[in-house]
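*Asks:* just coords:
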Ligand SMILES: Nc1nc2c(c(=O)[nH]1)N=C([C@H](O)[C@H](O)COP(=O)(O)OP(=O)(O)OP(=O)(O)O)CN2
Ligand SMILES: [Zn+2]
């Protein structure tokens, strides 16, 4: 899914990223389960979008997330929101990608 949003980072050093700016984050969510539910799914793709995209898209992430919105923190938070999610990849730009994986 793609999220277009704004953020500024609170950092312990001086950086241009402290200024409000935007990205189109490309987010890939990985879910798994030994069993499928009664609908034959691990999780409905629409429910993923409802719980993540509807909350973040076209928002100021500093206002809707209770943490410093780095790509790493976002990936961990997204993983924690979704049942059976074990991995989240976020591509912030052509050269900036993070992967969060649960143990
Ligand atoms: N480990 C992380 N490092 C950085 C993150 C992050 O989430 N995790 N985020 C940022 C900022 O979001 C910043 O906007 C991106 O910085 P930068 O790489 O400089 O990206 P640009 O799009 O400005 O790329 P240019 O190559 O400078 O055009 C920073 N670091
Ligand atoms: Zn940024």
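*Replies:* Perfect, I can see it now. What you are looking at is a predicted structure, and each value in this text was computed from that prediction instead of being measured. Ligands and ions are numbered 1, 2, ... in the order given.

*Asks:* who's in contact with the lengthiest strand in the chain?
*Replies:* Looking across the chain with DSSP state E, the single longest strand is strand 21-31. The contact list for strand 21-31 (C-beta atoms under 8 Å, 6 or more residues apart in numbering) reads 1-8, 42-43, 48, 52, 71, 74-75, 78-79, 82-93. For the C-beta atoms, the positions are set from N, CA and C on the backbone; glycine is no exception.

*Asks:* out of these, which end up buried?
*Replies:* Among these, those classed as buried by 16 or more other C-beta atoms under 10 Å are 3, 5, 7-8, 42-43, 48, 52, 71, 74-75, 78-79, 82, 85, 88-92.

*Asks:* ok, and of the residues you listed, which contact ligand 1?
*Replies:* 71, 92 (C-beta under 6 Å from any ligand atom).

*Asks:* tell me where the model's unsure across the protein.
*Replies:* Of all residues in the chain, none has pLDDT under 70.
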